[in-house]
Structure formats: C-alpha cells, structure tokens
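**Q** this one's structure only:
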C-alpha cells in the first residue's frame with residue numbers, strides 16, 4: 001500500500017540524529033539563537049529589504065557600516081558625488097562635501113528624503129546574513145510580487161536640483177541584480193489577508209511621498225510583527241486554525257494605566273497568549289514540516305509546500321472516510337517510528353483514535369524531542385521583533401501589546417484613507433489589521449482623534465461619529 005505520509009523519506013532525513021525540515025519551504029527567518037539585532041537595527045534591515053524589492057545591487061563599500069573613513073571623517077557617498085562634479089578649487093570641493101554630509105546624513109543615518117535613497121541605507125557585514133533572511137521573508141510573504149512598491153523605490157524623479165545631482169551621481173553605484181546573483185532564501189506566505197492589507201496600505205500611502213518615506217519602516221515593522229503573532233495563534237488551534245482570517249489581539253495606549261482585569265492583559269486575547277506559546281513555535285514548525293512530507297503536497301519548485309494542520313486536515317477529509325482512515329494509520333505509524341528513534345528520548349504514546357488527536361500527539365512528541373533551550377530562544381525572536389515599539393512591559397503584568405501616538409495616527413491614516421468613515425468602521429478596520437480595543441482604550445482613541453480635530457460628532461453613538469482623513 002502506498003504511503004500517504006512519506007515515512008521512509010522522513011526516516012532518512014532524521015538519520016543524522018537532528019531535527020531538520022527537509023525540503024519543505026521555510027516560513028520564518030528566525031535563528032535558533034537570540035541576537036537582538038532586529039530590535040536594535042530594524043532601520044538597517046529596511047535598506048536590505050528595499051534592495052530585495054527593487055532587485056538592485058549597490059556597490060558593497062557604499063552600503064557597508066564602515067561608511068565613514070576613520071582617518072578623514074568624510075563620508076564615502078558624499079566624496080563619490082563630489083568626484084563626479086568639476087570644482088574651481090579644492091576648497092569649494094571640500095565645502096560641497098561637508099554640505100552634502102549634513103544634507104544626506106543625520107547622526108550617521110542616511111537621510112532618506114527621496115525613495116530611491118532607501119537603496120543606500122548601510123548595513124554592517126556582520127548583519128548581512130540575518131537581515132538578508134528578514135528582507136527575503138518580508139518581500140516574499142508580506143509584500144509578495146507588488147510592482148507598485150518596486151516602482152516607487154526605483155523612481156528617480158526629483159523636485160530640486162540638489163536632489164537631482166545626488167540621485168544622478170549615486171546611480172553610478174547601482175546595477176540590476178542578476179537572477180543567479182540573488183541567493184535569497186525562499187519563504188512561503190501563509191497569512192495572505194494581512195499581506196493584502198499591507199499592500200493596500202502601501203499603495204494608499206504612496207500617493208503622499210513624504211509621509212510614505214516617514215512611515216514606511218514603521219508600517220513594515222508592524223505588519224512583520226503581527227504576521228508572526230498570527231502564526232503563533234493559528235498553530236495553537238491545530239486543525240481549527242484559519243490563516244484566511246486575522247485574529248484581533250487587544251492593544252492599549254502606552255500612556256494608559258493597566259490592571260490585570262483589562263482585556264489587553266488577558267491570557268487569551270492579549271500578548272500573554274503569544275508569549276506563553278512562543279516556545280511552541282519551533283516544535284510546531286518541525287511537526288508540520290514532517291507532516292508536509294505527504295503524497296497530497298504540491299511542490300513549490302524544488303521545495304515541498306509548507307502545509308498547516310488545517311491544510312492537511314481538509315485535504316485528507318476531502319478524499320473521503322476511507323482515505324482519512326488510511327492517513328490516520330500512517331500518522332500512527334510515523335508517531336511510532338519517531339518514538340523509536342533513540343536520540344529523541346521520547347516515550348512511545350498510545351495509538352491516536354482520530355486525526356485531530358494524532359496531530360496533538362505528534363506535536364507533543366516533537367516538543368519533548370526538541371531542545372527546550374533552542375525552542376525558547378527561537379520563540380523569543382518574537383519579543384525581540386516587537387519589544388522596541390509594539391510591546392511594553394507593565395510591571396507584574398509583563399509585556400502587553402502597545403500603541404504609540406505616532407503609530408495610531410499612521411493606522412488611522414491607512415484605515416480612513418481619503419474619505420471620512422463612521423467611528424465604528426474605524427474599529428473594524430483596526431481589527432482587520434489585528435488590533436482590538438476595549439472600552440477604555442476606545443475612549444483614549446477618541447481623545448486622540450478629537451485633539452487632532454479629525455472627529456466629527458453628530459451624537460455620542462459610534463455610528464453618528466465620523467473620522468476624517470488625516471492626509
């Protein structure tokens with residue numbers, strides 16, 4: 001009888017006495033060690049991300065972290081621009097270099113006053129591998145094949161002569177990346193609803209160039225963080241998970257007083273749920289990578305697709321009860337095979353009577369068989385990703401989902417867009433993006449909207465209050 005779960009293939013993969021995902025496509029860029037780099041230097045990752053979007057390759061030295069020459073203190077990019085221009089004397093050239101330094105850089109960060117300059121955000125060589133993974137992940141899973149955003153960051157049109165001179169002369173350092181030069185890893189999108197909203201929001205913001213430049217890193221940071229939180233939530237639901245929908249978690253404003261009775265501190269509806277289950281992310285990925293080695297799986301090029309519990313459950317049951325029974329037999333056989341691998345040091349469980357039970361049994365074995373320290377460090381990447389902006393520690397309550405003032409204004413801008421909407425519709429738009437507010441936080445939001453004069457009141461009813469566009 002044909003194997004539904006490719007047990008022999010899995011045995012071969014695990015014969016080297018370590019957990020591997022085989023040729024199943026990746027879904028996350030996390031490392032099994034905590035570097036905290038993404039928390040400290042997310043703005044630097046943005047440069048690598050944009051270079052993945054535009055598929056442009058910039059001369060390595062011009063985007064290295066060693067962008068300032070220690071002997072002269074002069075900027076490499078500024079000097080390059082000056083070298084393309086004829087000056088009457090050396091003093092004029094030096095004055096020009098100093099001026100461009102101040103104009104183009106702000107406290108060692110490049111001043112991205114034009115979209116094309118995002119391609120030149122520098123990156124330390126030590127961060128290239130890690131941030132390259134994040135850049136590929138965001139491009140392939142959240143932005144996907146969005147041509148409008150690519151065109152935005154490739155656009156060299158300028159509004160003034162100085163910017164034109166800078167763009168024109170920096171462009172000499174750029175070339176199109178060849179297909180065989182692009183060694184980025186492959187990642188499979190899972191939460192497409194969130195990806196669609198990110199692309200929708202970027203498209204709207206692109207109408208307002210200055211605000212787009214200002215808000216692009218923050219918006220990208222949020223969607224990346226929330227995407228991962230949605231994975232944690234859905235994996236914990238096993239076959240009941242719905243990647244097609246976005247689960248709204250409760251947030252609170254950073255200036256609010258929080259008690260344990262607030263929904264934002266709830267163990268199911270707040271960040272505590274993600275934090276309590278982040279340690280399960282690593283064994284979930286390995287469980288599903290094993291289960292993805294099945295005859296129903298559709299290949300993604302040279303890789304197998306990453307199938308979720310829900311994907312597998314639906315695909316199996318669509319084939320009818322006889323096929324489902326055969327799958328359960330195979331699942332129990334693989335559970336037995338895995339249990340008998342001496343190096344995993346797990347106990348052999350009783351046979352599962354349902355597919356649902358089999359999923360949970362295999363996961364429990366993988367959680368027992370994987371290194372708990374590795375799993376913990378892998379999961380903590382979520383906290384590192386969100387702690388600088390979207391998480392705030394509140395005493396004994398611990399981390400909660402956090403809303404800063406500039407971020408809520410950005411959210412209101414993309415939710416309302418260019419036509420006023422009822423206040424209740426704003427709440428729905430926020431929930432579509434993964435953000436729920438309790439009664440107290442809704443009142444704080446009203447205060448913010450009112451202070452910016454973008455709230456129209458016809459009565460105290462949510463349907464009779466309107467939020468005006470910000471942009």
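**A** Looks like it arrived, so ask away. Here the structure is a predicted model, which is why all the values come from computation and not from measurement.

**Q** Can you check the pLDDT for residue 464?
**A** The model reports residue 464 with a pLDDT of 83.

**Q** wait, what's in contact with it?
**A** Going by C-beta atoms under 8 Å, 6 or more residues apart in numbering, residue 464 touches 422, 457, 458. To be clear about C-beta, it is placed using only N, CA and C from the backbone, and glycine gets the same treatment.

**Q** Residue 7 too?
**A** 330, 333, 334, 337.

**Q** change it to 6 Å
**A** Shown in contact with residue 7 (C-beta atoms under 6 Å, 6 or more residues apart in numbering): 334, 337.

**Q** Roughly how far does it sit from residue 407?
**A** 48 Å (C-beta to C-beta, to the nearest Å).

**Q** would you turn the contacts of residue 464 into a markdown table with distance to residue 102?
**A** A markdown table is the format used below for the contacts of residue 464 (distance: C-beta to C-beta, whole Å):
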| residue | distance to residue 102 |
| --- | --- |
| 422 | 47 |
| 457 | 46 |
| 458 | 50 |
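
**Q** burial of residue 109, as a residue count?
**A** 11 (other C-beta atoms under 10 Å).

**Q** still on that earlier bit, looking at the contacts of residue 464, which are in strands?
**A** Applying DSSP state E to these, the entries found in strands are 422, 457.

**Q** Give me the buried entries from the contacts of residue 464.
**A** residue 422 (16 or more other C-beta atoms under 10 Å).

**Q** if I look at residue 238, how far off is residue 323?
**A** Distance from residue 238 to residue 323, by C-beta to C-beta: 20 Å.

**Q** These two: which is more packed in?
**A** residue 238 (18 against 15).

**Q** show me the contacts for the residue nearest to the more buried one when sequence neighbours are not counted.
**A** Among residues not flanking residue 238 along the chain, residue 309 sits closest, at 4.6 Å (C-beta to C-beta, 6 or more residues apart in numbering). The contact partners of residue 309, by C-beta under 6 Å, 6+ apart, come to 238, 239, 359.

**Q** now with 7 Å?
**A** For residue 309, the contact set (C-beta atoms under 7 Å, 6 or more residues apart in numbering) comprises 238, 239, 241, 288, 359.

**Q** Check residue 193 too.
**A** Here residue 193 is in contact with 244, 245, 246 (C-beta under 7 Å, 6+ apart).

**Q** let's see 6 Å
**A** Residue 193 touches residue 246, counting by C-beta under 6 Å, 6+ apart.

**Q** so how far is residue 83 from it?
**A** 49 Å.

**Q** which intervals of the protein have sub-threshold pLDDT?
**A** 1, 60-75, 106-108, 179-184, 459-463 (pLDDT under 70).

**Q** try it again with 50
**A** 65-73, 180-181 (pLDDT under 50).

**Q** Tell me where the longest helix sits in it.
**A** Assignment by DSSP state H gives helix 209-236 as the longest helix of the chain.

**Q** which secondary structure elements does that helix contact?
**A** helix 42-54, helix 192-205, helix 271-277, helix 372-386 (3 or more C-beta pairs under 6 Å, 6 or more residues apart in numbering; DSSP states H and E).

**Q** Select, out of those, the one closest to residue 430.
**A** helix 192-205 (10.9 Å; C-beta to C-beta).

**Q** And the closest one, what's buried?
**A** So, applying 16+ other C-beta under 10 Å, buried residues of helix 192-205: 194, 195, 197, 198, 199, 201, 202, 204, 205.
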